[in-house]
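Colleague: mind looking at a prediction? Sequence and model below.
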Amino acid sequence: MPLYAYRCAQGHEVEAIAPLGTVERACACGLTAIKRTVYAVSPKLPAVRHAGRDFIEASQTVEHNYAEYEKREGVPVERPHLWDAAKQRASQAAGNGWTP
């Protein structure tokens, strides 16, 4: 599980190891702290980048941000098609001779 850094509206910082996709956490002051940073943590292995997990994490963060905007502004927002964009970029990279 990754280590997340959270910050509440009063500026308090909270760090916690949490399941993938955890966006909010209770702060000691009683407010909700929002995820700001993700650190790769593995006690036995060096940090290994997992593109699938990174994509899921980024997608969840984008979705959360859109939902927060809609809640705050009261208007619906059309979401980008992230999966389609990712497949297109992967095809372009493969066509240029890139291999993971």
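Modeller: Looks like it arrived, so ask away. Numbering: from 1, shown residues only.
Colleague: in its sheet, which strands sit next to the longest strand seen in the chain, and in what direction?
Modeller: The single longest strand within the chain, with elements called by DSSP state E, is strand 32-39. Within its sheet, strand 32-39 is paired with strand 3-7 (antiparallel), strand 24-26 (antiparallel), according to DSSP bridges.
Colleague: and the last one, how far from the chain's centre?
Modeller: Centroid separation between strand 24-26 and its chain, computed with CA atoms, centre = their mean, to the nearest Å, is 14 Å.
Colleague: what does the longest one give?
Modeller: From the chain centre to the centre of strand 3-7 is a distance of 11 Å (CA atoms, centre = their mean).
Colleague: so that it lines up with my notes, have the first residue be 609 from now on.
Modeller: Got it, first residue is 609 now, which makes that one strand 611-615.
Colleague: after it, heading C-terminal, what element do we hit next?
Modeller: strand 621-625 (DSSP states H and E).
Colleague: contacts for that following strand, please.
Modeller: With contact meaning CB atoms under 8 Å, 6 or more residues apart in numbering, strand 621-625 is reached by 609-616, 633, 635-636, 641, 649. Every C-beta, even on glycine, is put in place using the N, C-alpha and C of the backbone.
Colleague: great, nothing more from me.
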